[in-house]
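1. Next comes the sequence, and after it the predicted model I'd like to discuss.
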Number of protein chains: 2
Amino acid sequence: MSENWSLGEAEFNLEKARANEGLFTLGSGYMHVRGSLEEHLANAPQNLSYMRRPANVTAEAFPYMPVKWGVFVPGIYGLHPLMGKELANLPSFLSLTPSIAGEKLDMQQGRIENYRRILHFKTAALTRSFNWQTKQGAEIQVRYERFISAARPHLCVQRLTLMSDQDVDCDLRAGIDTDVRTSGYDHFTASLFQREALNQINCIVTLDAGDVVSQRACLLLEGASWNYEASERRADLTTTVHLTANTPITIEKRTAMTTSIDPETPPLVALLSLDLDYAALFQEHAGVWRERWENADVSVEGDGESQLALRLALYHLMRAHPNDSRFAIDPKAYAGDAYRGLYFWDTEMYLLPFFLYTDPERGQMLTDFRINTLKGAEFNAAEYGYSGARYPWEGDTDGIDQCPNWQYRDHEVHVTADVVYGMIHYARAMNNPEYLQTHAREVFLKTAEYWLERVDWRDGIDAPGLLGVMGPDEYAPITNNNAYTNRLVSLALEAAAALADDPIFGAKCAGVAQALPILKRSDGLVLQCEEFEALADIDIGALWKDWDKPFAAQVSQERLYRSKCLKQADVLLLMALFPHEFSDSEVALAWDYYLPYTTHDSSLSPGVHALVALRLGMTGEAWSFWKRSYGIDLHGGAEEGLHIAANGMLWQIAVFGFGGLHSAMYAETLTLSPTLPAQWKRLAFPVIWKGQRAFIEMTASEVKINNRSSKALPVSVHGQAAIIPPGSSMAFQIGR
Amino acid sequence: MSENWSLGEAEFNLEKARANEGLFTLGSGYMHVRGSLEEHLANAPQNLSYMRRPANVTAEAFPYMPVKWGVFVPGIYGLHPLMGKELANLPSFLSLTPSIAGEKLDMQQGRIENYRRILHFKTAALTRSFNWQTKQGAEIQVRYERFISAARPHLCVQRLTLMSDQDVDCDLRAGIDTDVRTSGYDHFTASLFQREALNQINCIVTLDAGDVVSQRACLLLEGASWNYEASERRADLTTTVHLTANTPITIEKRTAMTTSIDPETPPLVALLSLDLDYAALFQEHAGVWRERWENADVSVEGDGESQLALRLALYHLMRAHPNDSRFAIDPKAYAGDAYRGLYFWDTEMYLLPFFLYTDPERGQMLTDFRINTLKGAEFNAAEYGYSGARYPWEGDTDGIDQCPNWQYRDHEVHVTADVVYGMIHYARAMNNPEYLQTHAREVFLKTAEYWLERVDWRDGIDAPGLLGVMGPDEYAPITNNNAYTNRLVSLALEAAAALADDPIFGAKCAGVAQALPILKRSDGLVLQCEEFEALADIDIGALWKDWDKPFAAQVSQERLYRSKCLKQADVLLLMALFPHEFSDSEVALAWDYYLPYTTHDSSLSPGVHALVALRLGMTGEAWSFWKRSYGIDLHGGAEEGLHIAANGMLWQIAVFGFGGLHSAMYAETLTLSPTLPAQWKRLAFPVIWKGQRAFIEMTASEVKINNRSSKALPVSVHGQAAIIPPGSSMAFQIGR
């Protein structure tokens, strides 16, 4: 159990620097900071300005930067003239830089040995240690430590320990830099520095969207006398310390942050928690994380890389959760600005399950977020000329759609049903139907109102249709009766019918819910949409020249839009969500038909394929999609932030897929039909099933369930039903 | 014949001012100037900055401005950060303003009587006369005159004549103003003024797209001594003249313009033509226009408004032609910046016919323009990943696509076939097949190369298909086998097959040409596209709240795109172009089916409906679509410039429709089947038929053809064939 609890970096490699900056992101939910170097690099300006434009999201290319700072607070936006609101990259406060005899520490230009950077999952801490051979001839042992307190979410704590092999003077510089950009744009309309006490810098920035962000950095080094240097966009404290040979010294930097949208704003100086020392703060922080891991860790034996990828995924899922139902989790998990920190359907469909089964309280915050933004959804519906509520494709914290590309914003209406799916999932997973009747009720009724206006009844066709929609497959832009969308909308309308007071309205909802078609070909193939078979056949292999880039970056959008090529398979996703509604042969038919057309340009795609492959017993395919899925971020994809939905899928593949846990969406009893990969000797995970805690362990031959709750727990393992008494374990032998 | 040779304005009305500024545009082909007031208005700044964004072209709204200056030179672009290249609004040089006792002349604030502004079609001159009662008590007779020389296209000549009923001093001010915007954007990176001689201002502006424009204004007033006043963006010459009671004085202002893209640039001072007086310049100018009208005028007796609308249309068509095959005619006819002065399919399909049958030399310049921009079309094809040539949806003078909206740019591929249609039309109308074998050959072969790659062959379908296209109806964005597009592409491929040296390539072209389907429903209805019947039914009447605004401005684009509502009827346009390929019952079926869905949001729509109504013998409908078509600009629509394609259609309705001339696209002999409206006593027009000049007159009972050529002219009138000897006339009685 002690293995693979950390992500290590054995050398500083400029080519991997930006991706690792994403992977090494720390965060408290309240604030998130990319894993940038405290001393920074030469030739890596962070104030490069350019104008980002609305574009095909898959094919968009960003200007190259070797590293990219990122400090984010959920809900703090800038207002981009072309893109709409975007999560603002806030002032960078990490800097803590030693220089010796005029030589600034530098991972590229300096002589660095025994380098090791480690992200410690258990404690959500980042450390970096190395030996620095200065030009002047001293050998300095350097160690950086950093955490953002899970117990005090406004506080980031850093520490730098230096020990020289000879007596040298060391210059130190640490400060706050506001000369940063968000995707090339400067969102700060004002930037104000002030020295507070002798060892503190106060920084206030005003954003173009109206919010104000304050930071207070404090340097702790006994006996040091700090000088203050400030320019328009940066302020530093500097000092010189004497390093006595072989005697370590430690400098601590604490930064506290508040914003104008905080519900309450204690003084920054209080948030610095100067009454507590580093050890106390760290212990308190690590305690929160210990509990998180106890409730969530998925343990894999026999396959270090899978274990590492899973823990990395769970770490970022737990880290990115804002702990505040005013916010959700953006697609980059607050570790980059590629998707502008807005909220997509990923929240409900890819992220929520992990929280529902491990930390339902935080799961509910995510569904509550949609309830809290119902007003925005009503605004969106009205903007389009409809009654009711229409959830945004790219939502801000008010629920207003900020998506600048009409093809997505206008047509990916499934998000409005996905939101309802998420609430149903929460209510079922927690056995809490009352949630739907109280908190969520308005969402169900208002979105149903929208759907009733949004469906079309066509002459000569008995059934209603949802026309002009884009399903999750964004390469089929404007289609009729998308299978995924229709099924989700049916679910939402059925649920609304059950909640409606007005019987006529209820009957309408139920009628449409029942009649919205899932189109099938004569041979039983579930069709993605009415038009799918009329699309052009396309030789994907011939057109896909460079497999390192998405398919969409190599063909025109016009060709994507008219051809049988999928960004991700809608129909398979539908079957993964509603496995009980499709026969094995239907699933196999869909697999065989759609897979050759699927580019997996979406990071959401491989995970769905892993789940469906497992359903079909194709363990080889499942394994390869599993590896592909976890490789997305682990193997260099986190430059612009995490692919957090894909990380959410890792948990689903491990628990729902390999672990075989049936989702509460269709199982009443805790039901397991595991299919462990040959490489995995043991899989173990905790789960909360309808409010009851259980711990599940499995090998190739046995499944063991420990009922950690105070009630009897009915279970079913590979068809063997049983009831496990409170506090007891039960083992099930597996015949194959 | 002397009636309706002018467009008059009997009072200055601020609400109509901007539309009339469009209608009163003068131009030499080389340069074009909106009909703005020489003295301007108070409270109408021309430097209002805003950021135009790519948007649905039909629903786009522009900020209100009471009047809007416009000075345009074809090919002189600015580079807009979001929209791409756009025709730049150049410095305004019209100002010529009297003030008396500190009171500046002002149409709104002054006391003005006997106001009359007239656009003289025959001489392409604008005059304005009125009496001005000054506050000080003088009564001044004022007369402005203005023309842009058709004989000296770089030269604009203005004149102001003042006569007072009492002795007064009059201050005069005249200059050049560079503080103007193009759709809210300032394209001038430098603006330089210099006084030249004592009575001349030189102005040079550099544009952000790289071109340089020079203007020289010269003031002519005997004995005047001019003062020079210059600020950063404006320079003026001022003087004071004494008006002796009842003695007129005349001030002349000439402005010459050159640009860095002129093939040769004579000195501006030479272009001012100071050796010639006003009368000589005017006579020379009027001579060019006399000849134009002789070859083109369509005379209507018995219906003054139709006559006025027709002459206004022909005036603007002849005025807007650039006389230079490096350029074409933009949709606003160089009289506004709404469509950014780029070149669309309108050129071939709506404008070219008028020139082909009245001024084929200028007609050829328009087809040559596409030949000259073949390199750009090849670039566009490559940008999309295809071989061959793909003409731009919104082309600049290099043929590069500048359309900022992907739905139009990506999918309105029919333009590439329309270009070929235009060349075939030219070759047939002029009986010049050699043009296709020489000049146009590469265009045919290169565009065919593109089409062969652009068509798709789908499994299980024998025919090739053009998938993912938008036809002229822009409310059906991405559709398969659009009838209009397929027919045009077939025509283009058939023609390419005939020109191909490589027999395999030729056979491929011919094969696709023959096999591209025109889809028909079982009852014979020609379908706009594969998807049409699957679109949603829509209650257009219920959704269209404000009939003064386009339908598209009142419903979401998402609804437009999924519903049976047409911006203009593709299928009817197809039938108007290829009337011989469809039976009357097919046309009637299409009319009945599509008309209820057609919003006519496009100014191109009513004219096509007039032609098709005539084909069907529905004279009442034809008359109402005729009136609707000519009302577009005549009744207030010219604010952002003319709808020149609709004006081109007026000629087609009059000559092809009411006049019944069969297009050379399907007639070998000059063939007439007129249907005069009851309101028209007589219709007469000249025509050039395959190189032979003829003059046609018709009444309800007789058609008379005068063969003005030196060869015998075979004709056919309502089925009566005859051959008219050179120089002779022949009359045909009409039985009904």
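-> Perfect, thanks for sending it. Residues are numbered from 1 along each chain as shown, chains lettered A, B, ... in the order given.

2. Just read off the phi/psi values of residue A:205.
-> For residue A:205, the backbone dihedrals (degrees, to the nearest 10) come out as phi -120, psi 150.

3. That one is in contact with residue A:186, isn't it?
-> No - in this structure, residue A:205 is not within contact of residue A:186 by Cβ atoms under 8 Å, at 10.5 Å. Any C-beta I mention is one placed from the backbone N, CA and C, and that applies to glycine too.

4. If you count surrounding residues, which of the two has more?
-> residue A:205 (25 against 18; other Cβ atoms under 10 Å in any protein chain shown).

5. so who does the residue nearest to that one when sequence neighbours are not counted touch?
-> Among residues not flanking residue A:205 along the chain, residue A:188 sits closest, at 4.6 Å (Cβ to Cβ, 6 or more residues apart in numbering or on different chains). Counting by Cβ atoms under 8 Å, 6 or more residues apart in numbering or on different chains, residue A:188 touches A:178, A:205, A:206, A:207, A:208.

6. what about residue A:127, which SS state?
-> Here residue A:127 is strand, with the state taken from DSSP: H, G, I helix; E, B strand; the rest coil.

7. Tell me how far it lies from residue A:403.
-> According to Cβ to Cβ, to the nearest Å, residue A:127 stands 39 Å off from residue A:403.

8. Over to residue A:543?
-> 28 Å.

9. between these two, who's got more neighbours?
-> Just comparing residue A:543 and residue A:403: by other Cβ under 10 Å the higher neighbour count belongs to residue A:403, 21 against 15.

10. Any residues of the stretch 551-700 of chain A in contact with chain B? List them.
-> By Cβ under 8 Å from any Cβ of the partner chain, the residues of the stretch 551-700 of chain A that approach chain B are A:555, A:556, A:557, A:558, A:559, A:561, A:562, A:563.

11. try 6 Å this time
-> A:556, A:558, A:561, A:562 (Cβ under 6 Å from any Cβ of the partner chain).

12. pLDDT averaged over the helix or strand harbouring the third one - what is it?
-> To tie it back to what came earlier, the one meant is residue A:561. Here residue A:561 is covered by helix A:557-562, with elements defined by DSSP states H and E. Mean per-residue pLDDT for helix A:557-562: 95.

13. Stretch A:235-255 now?
-> Stretch A:235-255 shows an average pLDDT of 98 in the prediction.

14. For the residue lying closest to residue A:207 once chain neighbours are set aside, which residues are in contact?
-> Distances taken as Cβ to Cβ, 6+ apart place residue A:187 nearest to residue A:207, at 5.1 Å, with adjacent residues excluded. Going by Cβ atoms under 6 Å, 6 or more residues apart in numbering or on different chains, residue A:187 touches A:78, A:88, A:207, A:208.

15. And the spatially most central residue of chain A, what's its pLDDT?
-> Most central in chain A under Cα atoms, centre = their mean is residue A:644, positioned 2.9 Å from the mean C-alpha point. Predicted confidence (pLDDT) for residue A:644: 98.

16. quick one: pLDDT of the residue nearest to it when sequence neighbours are not counted?
-> In this structure, residue A:644 finds its nearest non-sequential neighbour in residue A:333, 3.8 Å apart by Cβ to Cβ, 6+ apart. Residue A:333 is assigned 98 on the pLDDT scale.

17. Kindly report the same for residue A:735.
-> 71.

18. Just the endpoints, please. Distance across stretch A:130-147?
-> 19 Å (Cα to Cα, to the nearest Å).

19. can you tell me the average pLDDT over it?
-> 97.

20. what's it in contact with?
-> With Cβ under 6 Å, 6+ apart as the contact definition, stretch A:130-147 has outside contacts at A:38, A:100-101, A:103, A:110-115, A:125-129, A:157-166, A:168, A:285.

21. repeat for stretch A:507-526
-> By Cβ under 6 Å, 6+ apart, the residues outside stretch A:507-526 that reach it are A:448, A:452, A:455, A:463-464, A:481, A:483, A:486, A:490, A:493-494, A:496-497, A:527, A:571, A:586, A:589-590, A:593.

22. Select from those every entry located in helices.
-> A:448, A:452, A:483, A:486, A:490, A:493-494, A:496-497, A:571, A:586, A:589-590, A:593 (DSSP state H).

23. Next, find the distance separating residue A:308 from residue B:32.
-> In terms of Cβ to Cβ, residue A:308 sits 69 Å off from residue B:32.

24. Check residue A:509 too.
-> Going from residue A:509 to residue B:32 by Cβ to Cβ gives 59 Å.

25. same thing with residue A:523?
-> Residue A:523 sits 63 Å away from residue B:32, going by Cβ to Cβ.

26. picking that back up, need the contacts of residue A:188 in CSV (columns: pLDDT).
-> Listed next are these as CSV, based on pLDDT from 0 to 100:
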residue, pLDDT
A:178, 98
A:205, 98
A:206, 98
A:207, 98
A:208, 97
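
27. out of the residues you listed, which are buried?
-> A:178, A:205, A:206, A:207, A:208 (16 or more other Cβ atoms under 10 Å in any protein chain shown).
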